[in-house]
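> sequence plus predicted model, see below.
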Amino acid sequence: MKLIRNLNEMPIELRGGAVSIGNFDGVHQGHARIVETLRTQATTFGGPAIVFTFDPHPVRLLRPDAVPPPLTWSDRKAELIAELGVDGMIVYPTDENLLALTPQEFFHKIVVERLGARGMVEGPNFFFGKDRAGNIEVLRALCATNDVSLEVVPPLTMGSDYVSSSRIRRLIEAGEVGQAAEMLTRPYRIRGMVTHGAGRGAKLGFPTANIDAIDTILPGTGVYAGSAFFGNEQWPAAVNIGPNPTFGEDRLKVEAHLIGYSGSLYGQPLEVDFLTRVRETRPFASVDELTRQLKRDLDIAAEVARHRTSNG
């Protein structure tokens, strides 16, 4: 997949195909269904399948106080979309000039002139142009006038509701990372830098990597089974999000114990997948009681990792 950040550098082989425009935050199963339709449409035209997204989210400029916490950072989003098999992804830099375009101007300047698109694939709740004045019916009319094929993919339903980034965001905030993973194309992941902590975990025999500078939404407080990634290495992990009430601390921290790893991670970037929530965060009556619980947490996290590996 080719990643494009400047439309002035758009290679000619990425023109004349099918495009889907949206934020694609989290890259969930609903997005995967859109991309599947996009690839089919592109094959019909004999052209490329292109995903067009924005960085930053337009709401960050329009209503910075109302911007939702992101589920993915740009490079991670590109990795996930590449796994879906598209030919190119455009990460368009959102600015005031873009936001000032009317729906008609946006369609002609971006879809027709820059992309030379022959087809589009969108969901029914697609909005575009200044003040989100363009909806799917406006798009349908513009596509018909300009001989661009349009396919509207109905929302994907899981359980009693649609799969959406906002629904996934709520699940993650509630600590329901397992349910969120069912709707995502990959388990939910965060990234950050490993910094020095109080060192209590190491004294108890469970050294942890304290993760700071996290730029996506955090799961709710609790202990989780997960996987940690740094460099080209992957390790099963138990992750604690929350304060340390046993020692009278109330500051929220993110700490990961990499099961079986013995090296130093200070100053390194670390990424963590969340697979399932093991338990809630709670105080313990003694350090011995806490230690026994930590051993149980690690056993569960290791078993979850083994199960995931054996099931692909």
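Noted; the coordinates are in hand.
> where are the low-confidence patches of the stretch 51-200 of the chain?
For the stretch 51-200 of the chain, the stretches flagged by pLDDT under 70 are 59-63, 198-200.
> mind doing that once more with 80?
56-68, 197-200 (pLDDT under 80).
> which residue ranges form the strands in the stretch 1-150 of the chain?
Assigned by DSSP state E, counting those that start in this stretch, the stretch 1-150 of the chain shows strands spanning 2-4, 18-21, 49-55, 88-93, 119-122, 149-152.
> for the stretch 201-312 of the chain, same thing?
Ranges of strands in the stretch 201-312 of the chain, per DSSP E, counting those that start in this stretch, are 209-212, 222-230, 233-244, 249-258, 269-279.
> list the buried residues of the last one.
Neighbour counts over strand 269-279 (16 or more other CB atoms under 10 Å) mark 270, 272-278 as buried. To be clear about C-beta, it is placed using only N, CA and C from the backbone, and glycine gets the same treatment.
> same question, the third one
Neighbour-count burial for strand 233-244 flags 235-244 (criterion: 16+ other CB under 10 Å).
> the fourth one too?
Of all the residues in strand 249-258, those buried under the rule 16+ other CB under 10 Å are 253-258.
> what angle do it and strand 233-244 make?
Here the directions of strand 249-258 and strand 233-244 differ by 160 degrees (axes from the mean of the first three to the mean of the last three CA atoms, to 10 degrees).
> I'd like the average pLDDT over strand 249-258.
The pLDDT scores in strand 249-258 average 88.
> can you check the first one too?
Here the mean pLDDT over strand 209-212 is 96, rounded to a whole number.
> packing partners of that strand?
strand 188-195, strand 249-258, strand 269-279 (3 or more CB pairs under 8 Å, 6 or more residues apart in numbering; DSSP states H and E).
> pull the CA atoms of that strand into PDB?
Below are the C-alpha coordinates for strand 209-212, written out as PDB (Å, rounded to 0.1, in the frame of the first residue of the first chain):
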ATOM      1  CA  ALA A 209       7.200  -0.600  32.500                       C
ATOM      2  CA  ASN A 210       5.500   2.700  33.300                       C
ATOM      3  CA  ILE A 211       4.000   4.100  30.100                       C
ATOM      4  CA  ASP A 212       3.500   7.800  29.600                       C
END
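> just how off-centre is it within its chain?
20 Å (CA atoms, centre = their mean, to the nearest Å).
> name the residues that touch that strand?
190, 192-197, 228, 253-258, 265, 270, 272 (CB atoms under 8 Å, 6 or more residues apart in numbering).
> 6 Å instead, please
With CB atoms under 6 Å, 6 or more residues apart in numbering as the test, strand 209-212 has contacts from 192-195, 197, 254-256, 265, 270.
> circling back to that earlier point, go through the strands of the stretch 1-150 of the chain and pick out the most buried.
Among these, strand 18-21 has the highest mean neighbour count (mean count of other CB atoms under 10 Å), at a mean of 27.
> can you list contacts of it?
Strand 18-21 is contacted from outside by 34, 38, 41-42, 49-52, 115, 117, 119-121, using CB under 6 Å, 6+ apart.
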